[in-house]
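>>> Model the following, please.
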Amino acid sequence: MNPRKILAIDADNIINRAFHAIPAAFTEDGTPTNALRGFCNTVMNLQEQTGATEVVCAFDGGTPAFRKEAAPGYKTNRKPKPEELSLQLKICRLIICKSLGWAVLWKKETEADDLLHTMALRAKEARGVELWIASGDKDLAQCLGQNNPAIRLLRPPKKPSEPWVALDAENVETFFGVRPEQIADYLALTGDSCDNLPGVQGAGPKTVMAWLKKHGTLEEIIRNKENLKPERLRAKIDPDQLGKNKTVTSAIDTGHEIPEKPAPVGDARMALKELGLYKVAQRLDKTAPAQRVEKAPGYQTQRE
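Residues are numbered from 1 along each chain as shown. Next comes the predicted model:
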């Protein structure tokens, strides 16, 4: 039996990247589409790169209460999403994915990272599943623990023309400097300015990598804090704060199963064309002559 080849997408991460990388574009009625175009093309490119026959898109449903309790400042430094980005996230989840037959994972007060981590856990338990997880978020490297060759993490390339970088459990350390099972500890120690998570003040990535290489885990680093180098950082080790940090940085099992491949809803090409995504629609049928795909009157590359 051929394995299920599944591409699991960190949808918010990739749509956000596209929104900021691609010039604004709008349909005749003013619906923003730049992030949708970038997202669709990225997913289709990754399907071609991996040979995946199924796509699962995980969307962020908000921060779980236990993370807010552990770190009240977690993600509070982030500005509200621009309205045009929020709208495209909604269109992608409710229209694009359904039209193209891409499964959707979304749960209230559940982060996309946890949904994807749970898919990795289920894939490890299952037989006949090849799972490719695509995200620019380093947190997801912890999904590669226990060295399962059927699971890969895809990272964005430095240049748009290059393929995404595929990581497995063995080369994560080369890429990040720590093993998959140490990612949560690493993030707890270094902190994350994007998530407003304080780490050990003065301890940079190289110092934390050295600590983890010698001691293995956050818990062992705390136990041996009087022997840490440089000495000036020993007083900065706060066991209570670091324990809370690890609560935030550790992915959880949300309990869901790998979704079955859904049937497309409606006419995918029509749905894409109505959003001005003509070249994306053309990719669904590579034999369609380019001249048959025409832009609708009033289509704008930016607001005037």
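>>> What helices and strands are in contact with the worst-scoring helix or strand of the chain on mean pLDDT?
Across the helices and strands of the chain, mean pLDDT, DSSP states H and E gives its lowest value to helix 172-176, namely a mean of 89. If you count contacts as 3 or more C-beta pairs under 8 Å, 6 or more residues apart in numbering; DSSP states H and E, helix 172-176 packs onto helix 183-190. For every residue, glycine as well, the C-beta is placed using N, CA and C.
>>> buried set for the helix it packs on?
Ile183, Ala184, Asp185, Tyr186, Leu187, Ala188, Leu189, Thr190 (16 or more other C-beta atoms under 10 Å).
>>> likewise stretch 119-130?
Met119, Ala120, Leu121, Arg122, Ala123, Lys124, Val129, Glu130.
>>> Over to the third one: give its phi and psi.
Phi and psi for Leu121, reported as degrees, to the nearest 10, are phi -60, psi -40.
>>> need the contact list for the nearest residue to it once chain neighbours are set aside.
Once flanking residues are discounted, Leu121 sits nearest to Asp253: 5.7 Å by C-beta to C-beta, 6 or more residues apart in numbering. By C-beta atoms under 8 Å, 6 or more residues apart in numbering, the contact set of Asp253 is Asp114, His117, Thr118, Leu121.
>>> let's see 10 Å
Asp114, His117, Thr118, Ala120, Leu121, Arg122 (C-beta atoms under 10 Å, 6 or more residues apart in numbering).
>>> Redo those residues as TSV? Include distance to Leu140.
Listed next are these as TSV, based on distance: C-beta to C-beta, whole Å:
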residue	distance to Leu140
Asp114	10
His117	7
Thr118	12
Ala120	8
Leu121	13
Arg122	15
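>>> Show me which pair in these is furthest apart.
Asp114 and Arg122 (12.7 Å; C-beta to C-beta).
>>> Can you work out which residues contact both of these two?
Common neighbours of Asp114 and Arg122 (C-beta under 10 Å, 6+ apart) are Asp253, His256.
>>> burial count for the nearest residue to Thr42 once chain neighbours are set aside?
Spatially, and ignoring its direct neighbours in sequence, Thr42 is nearest to Ile14 (5.5 Å; C-beta to C-beta, 6+ apart). Residues lying near Ile14 (other C-beta atoms under 10 Å) number 22.
>>> Helix or strand: which one has Ile14?
Per DSSP states H and E: Ile14 is located in helix 11-21.
>>> next helix or strand past that helix?
That would be, after helix 11-21 and using DSSP H and E, helix 34-50.
>>> Output the helix or strand following that next one as PDB - backbone C-alpha positions only.
Remark: after helix 34-50, the chain's next helix or strand is strand 54-58, criterion DSSP H and E. Extracted in PDB, the C-alpha atoms of strand 54-58 (Å, rounded to 0.1, in the frame of the first residue of the first chain):
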ATOM      1  CA  GLU A  54      -2.900  15.700   0.600                       C
ATOM      2  CA  VAL A  55      -2.700  19.200   2.100                       C
ATOM      3  CA  VAL A  56      -3.700  20.100   5.700                       C
ATOM      4  CA  CYS A  57      -3.800  23.800   6.700                       C
ATOM      5  CA  ALA A  58      -3.500  24.600  10.400                       C
END
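>>> and the angle for strand 54-58 with helix 11-21?
Angle between the axes of strand 54-58 and helix 11-21 is 80 degrees (criterion: axes from the mean of the first three to the mean of the last three C-alpha atoms, to 10 degrees).
>>> helices and strands around strand 54-58, which ones?
Secondary-structure packing of strand 54-58 (3 or more C-beta pairs under 10 Å, 6 or more residues apart in numbering; DSSP states H and E): strand 4-10, helix 11-21, helix 34-50, helix 97-100, strand 103-105, helix 112-125, strand 129-134.
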